[in-house]
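Novice: all I have is the shape, not the residue letters:
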């Protein structure tokens with residue numbers, strides 16, 4: 001009876017792990033007979049595998065085999081080379097394409113010989129030549145999915161207004177959010193006279209971040225497990241867009257306050273000019289880091305709590321870790337919306353400061 005209860009607990013824990021933490025790529029067992037056959041559990045490896053991008057969509061390990069969804073590999077190496085990531089056999093095979101051979105190690109593709117030979121430097125990094133990689137990774141696939149969702153949602157909302165001024169269907173849900181971004185973010189920070197020019201960008205960035213944050217919380221593909229806004233390259237591009245809009249549309253007062261601050265002693269103006277000039281770059285940098293760090297930290301905390309079960313090698317650790325994981329998952333839903341709001345709010349604030357007209361006396 002005790003053994004059956006213990007097995008039931010283990011099955012429930014496995015189900016919770018599959019639902020809450022996709023793409024773990026790690027297995028654990030308390031059976032001494034199978035201990036030598038199992039890879040030693042590494043919580044850091046688990047966390048990095050989840051938050052980093054990949055060329056395939058890993059689902060689970062079953063009976064010693066990795067179950068994943070292959071994605072297209074697109075390389076430029078003296079011509080275009082296209083094949084599926086499954087050809088690498090999870091990093092165990094050398095792929096021949098167009099007379100060249102390739103291997104993948106730590107999600108980086110290297111050019112090699114037919115035997116898959118890699119040479120390493122003193123730090124243990126491969127020194128082989130790397131082709132230009134334009135592959136559809138799981139983050140890219142997730143962004144494509146979010147774009148399709150956004151198009152479907154907004155086109156559907158627009159069509160629901162045809163022939164009537166009363167929102168119906170999805171529009172009844174979207175309208176309060178759009179009005180909120182327009183009135184509480186755009187108008188308040190940019191001003192009544194100029195907010196319309198920047199409203200499409202603010203709406204796009206708000207819903208793009210929010211949708212991708214929610215998709216990343218899904219337990220299974222398509223979309224689930226991708227850490228799009230936890231990828232610093234994505235947050236950097238979003239911050240660059242805000243940087244470009246802020247400085248292209250910045251008026252003469254904006255630039256005057258940066259390079260020759262009015263109302264302060266002349267001796268102080270050169271020092272303030274240096275500080276304000278640096279501020280042009282630190283503002284978008286803060287946008288980039290804030291979004292990246294908050295989303296990544298949430299995933300790592302959840303994975304760390306789950307890892308306690310395998311670190312202590314007992315299902316009793318789940319009594320503490322699983323409730324906290326469920327709680328953190330609920331918090332992540334709030335953070336997904338909050339980070340979209342903060343990024344949009346700060347973008348509107350920076351743009352508003354750049355286009356604001358100042359009264360001169």
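Specialist: Received the coordinates, thanks. Worth saying up front: this structure is predicted, and the values here are computed from it rather than measured. Numbering: from 1, shown residues only.

Novice: just the strands from this structure, written as ranges.
Specialist: Taking DSSP state E as the test, the strands found in the chain are 56-62, 65-70, 72-76, 80-84, 95-97, 100-105, 108-112, 132-133.

Novice: how about residues contacting the fifth one?
Specialist: Think strand 95-97. Strand 95-97 has contacts (CB atoms under 8 Å, 6 or more residues apart in numbering) with 73, 75, 81-83, 87-88, 101-103, 114. The C-beta positions use only the backbone N, C-alpha and C, and glycine is treated the same way.

Novice: count of neighbours near residue 191?
Specialist: Neighbourhood size, residue 191 [other CB atoms under 10 Å]: 14.

Novice: for residue 77, see how far away it is.
Specialist: 51 Å (CB to CB, to the nearest Å).

Novice: thinking again about what came up before, just name the most buried of the strands of the chain.
Specialist: Comparing these by mean neighbour count (mean count of other CB atoms under 10 Å), strand 100-105 ranks first with a mean of 20.

Novice: which other helices and strands contact it?
Specialist: In this structure, strand 100-105 packs against strand 95-97, strand 108-112, with contacts taken as 3 or more CB pairs under 8 Å, 6 or more residues apart in numbering; DSSP states H and E.

Novice: pLDDT on stretch 91-103, on average?
Specialist: Within the predicted structure, the mean pLDDT of stretch 91-103 is 90.

Novice: distance between the ends of that stretch?
Specialist: Across stretch 91-103, the straight-line distance between its terminal residues is 7 Å, by CA to CA, to the nearest Å.

Novice: and for stretch 71-91?
Specialist: Length of stretch 71-91, first residue to last, CA to CA: 14 Å.

Novice: which residues of the chain score low on pLDDT?
Specialist: Counting by pLDDT under 70, the low-confidence segments of the chain come to 1-39, 46-47, 49, 60-61, 64, 163-164, 219-225, 358-361.

Novice: helices or strands up against the helix ranked longest in it?
Specialist: As assigned by DSSP state H, the longest helix anywhere in the chain is helix 269-311. In this structure, helix 269-311 packs against helix 2-20, helix 43-51, helix 195-216, helix 232-248, helix 252-259, helix 318-355, with contacts taken as 3+ CB pairs under 8 Å, 6+ apart.

Novice: between those, which gets nearest to residue 287?
Specialist: For the helices and strands packed on helix 269-311, distance to residue 287 was read as CB to CB. The smallest value, 4.3 Å, belongs to helix 232-248.

Novice: and that closest one, how far from the chain's centre?
Specialist: Distance of helix 232-248 from its chain centroid, counting by CA atoms, centre = their mean, to the nearest Å, is 15 Å.

Novice: enumerate the positions of that helix that are buried.
Specialist: 234-236, 238-239, 242-243, 245-247 (16 or more other CB atoms under 10 Å).

Novice: one step back: tabulate the helices and strands packed on strand 100-105 in TSV, adding columns for distance to residue 346.
Specialist: Formatted as TSV, these follow (distance: least, CB to CB, whole Å):
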stretch	distance to residue 346
strand 95-97	44
strand 108-112	33
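
Novice: hang on, isn't residue 350 packed against residue 242?
Specialist: Yes: taking CB atoms under 8 Å as the definition, residue 350 is a contact partner of residue 242 at 6.2 Å.

Novice: overlap in contacts, these two.
Specialist: Common neighbours of residue 350 and residue 242, using CB under 8 Å, 6+ apart, are residue 284.

Novice: circling back: need the strands of the chain in a markdown table (columns: distance to residue 289).
Specialist: As requested, the strands of the chain are exported to a markdown table (distance: least, CB to CB, whole Å):
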| stretch | distance to residue 289 |
| --- | --- |
| strand 56-62 | 27 |
| strand 65-70 | 31 |
| strand 72-76 | 30 |
| strand 80-84 | 35 |
| strand 95-97 | 36 |
| strand 100-105 | 28 |
| strand 108-112 | 24 |
| strand 132-133 | 25 |
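
Novice: residue 319 is nearest to which of those strands?
Specialist: Comparing those against residue 319 with CB to CB, the closest turns out to be strand 56-62 (24.2 Å).
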